[in-house]
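kindly return the folded structure for what I paste below:
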Amino acid sequence: MTIAVLGAGSWGTTLAVLLAAKGHDVRLWAHRPEFARALELERENKRYLKGVRFPPSLHVLESLHDTVRDAAMIVTAVPSQALRQTATAFADVPLDGKIIVNVAKGIELGSGKRMSEVLLESLPGLALSQVAVLYGPSHAEEVAHEQPTTVVACSTSEATARAVQEAFHNRFFRVYINTDLVGVEIAGSVKNIIAIAAGISDGLGFGDNAKAAIITRGLAEISRLSARLGADPVTMSGLSGIGDLVVTCLSRHSRNRYVGEQIGKGRKLDEVISEMNMIAEGVLTSRAVAELSSRLGVEMPITRAVYEMLFENKPAQQATLDLMTREPKSENY
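Numbering: from 1, shown residues only. Sure thing, here's the model as predicted:
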C-alpha cells in the first residue's frame, strides 16, 4: 500500500525504511524543505540515522499535502507537542478509509490530551476506529539494524489494529495487537518521565536498588493514572507498560534517561537540551502529566519530583530525600 510517514527524525526514518523494505510505497515528509531535499538526494538520513540507506520505494517529499493525499495509511512521527499543528495542516485532505498510526509518545501540554485525542480534535471527520498507535520497547537504533524487537499496534478497532500489524510485522519486528488505547497511550507516554527519574538516579551515583525502586514505583504511578482514566490494568504488564518502561529506564539509547543523568550530575535543563539534536519527550510530558494528575487527584510523587527538578530547580538530592521520607504507606494504596 501507499504509506505516508510524517516526521524524518530517527524513529520516523527507521519506520519508513522498514515499511519500504516490506514493499510498500513510502512517502516520508520532513518539516524543513531543505532537509527533505537533502534526504532524497543523499538517500540516507545522515543527521539522525547515519549509515542506513533508503530502499528504492522510499521517497522524501517537501509537501505535506502531497505526502498524505493518496496514502492509505498515515504514520505520524512528529514530536508529540507538534502533532496538533501538523495534523491541522492537512485537515482539509479527505480521510475516508485512511488509517492514522501515531508513534509519538507524549501528553499534550495545556490540554492533557493523549495523542489519539489530539488527532481526533484536529482532523474533522476522522473516526476513532481509524486511529491507532504503535508503541513498545523499540529504540530506533536497534530496529534500523534489524535487531529483534516487539511492539504493540493498538486501536479501539481490532480490524484497524490488525491492518497496522500486517503493514509493519516482519522477521525482526514482531507486532502484537491490543484494543486498550487509553492504557497503551498513558503507559507509553508516562514511562518517559520515569526514565528521567532513573537517569537522575544514575547521575547521583545511586545503585541497582534505587533503579529497581524507581521502575517499580513508577509503574505504580502509571497504573494509578491509567486506572483513573479507565484503562485495563493488564495493559501495564504488556509491551507498552513494563516492556517500554524497562528499556527506557535502562538503555544507553534512551534520550530521557540521558537527560535525567545530566540533571543528576548537577547540570541545568536548558544546557542539556541545547546540546541534543533529538527531543526527549519526557521533559514536557512531565509538566503535562503533573498538571493532569493534579487535576484528576491522582498521586504521582515521582512524576511530581521530576517536574520540580526540571522546572522549579529543586536539587536532586533534596527531591530524593523528600521522596524517601514521605509518610509510609501500603504498597498497593
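
mind checking the end-to-end distance for stretch 201-216?
Length of stretch 201-216, first residue to last, Cα to Cα, to the nearest Å: 14 Å.

which residues touch that stretch?
194, 197-198, 245-246, 249-250, 257, 260-266, 302, 316-317, 320 (Cβ atoms under 8 Å, 6 or more residues apart in numbering). The C-beta positions use only the backbone N, C-alpha and C, and glycine is treated the same way.

now do stretch 272-284
9-10, 47-48, 79-81, 104-106, 109, 189, 192-193, 195-196, 255-256, 258-259, 262-263, 269, 306, 310.

tell me how the chain divides into domains.
Listed by automatic domain parsing, the domain ranges of the chain are 2-133, 189-324.

any idea how far the longest one is from the chain center?
Put simply, domain 189-324 sits 14 Å off its chain's centre (Cα atoms, centre = their mean, to the nearest Å).

quick check: neighbours of the helix or strand containing Val26 in the sheet, parallel or antiparallel?
Taking DSSP states H and E as the definition, Val26 sits inside strand 25-29. Using DSSP bridges, the strands paired with strand 25-29 in its sheet are strand 2-6 (parallel), strand 58-61 (parallel).

and that strand, how far from the chain's centre?
The answer for strand 25-29 is 20 Å, by Cα atoms, centre = their mean.

got the CA coordinates for it in CSV?
The C-alpha coordinates for strand 25-29 follow below in CSV (Å, rounded to 0.1, in the frame of the first residue of the first chain):
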residue,chain,number,x,y,z
ASP,A,25,5.3,2.7,-1.5
VAL,A,26,6.5,5.0,1.3
ARG,A,27,6.5,8.8,1.2
LEU,A,28,8.5,10.4,4.0
TRP,A,29,7.8,14.0,4.9
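
now the element after it, going C-ward?
Taking DSSP H and E, what comes next after strand 25-29 is helix 33-42.

next SSE downstream of that next one?
Of the helices and strands lying after helix 33-42 in sequence (DSSP H and E), the nearest is strand 44-45.

what's in contact with that next one?
Strand 44-45 is contacted by residues Ala8, Ser10, Thr13, Leu39, Lys50, Gly51, Val52, Arg53, Phe54 when judged by Cβ under 8 Å, 6+ apart.

ok, 7 Å please
Outside of strand 44-45, the residues within contact range by Cβ atoms under 7 Å, 6 or more residues apart in numbering are Ala8, Thr13, Leu39, Val52, Arg53, Phe54.

need the nearest residue in space to the third one, chain neighbours excluded.
Nearest in space to Leu39, with sequence neighbours left out and distances taken as Cβ to Cβ, 6 or more residues apart in numbering, is Val60 at 4.3 Å.

state the pLDDT value of the one you found.
Looking at Val60, its pLDDT is 98.

pretty sure it sits against Glu42.
No - here Val60 lies out of contact with Glu42, judged by Cβ atoms under 7 Å, at a distance of 9.7 Å.

looking at those two, which is more packed in?
Taking other Cβ atoms under 10 Å, Val60 and Glu42 do not tie; Val60 has more neighbours (25 against 12).

list the contacts of the more buried one.
Applying Cβ under 7 Å, 6+ apart, the residues near Val60 are Ala8, Leu28, Ala30, Ala36, Leu39, Glu40.
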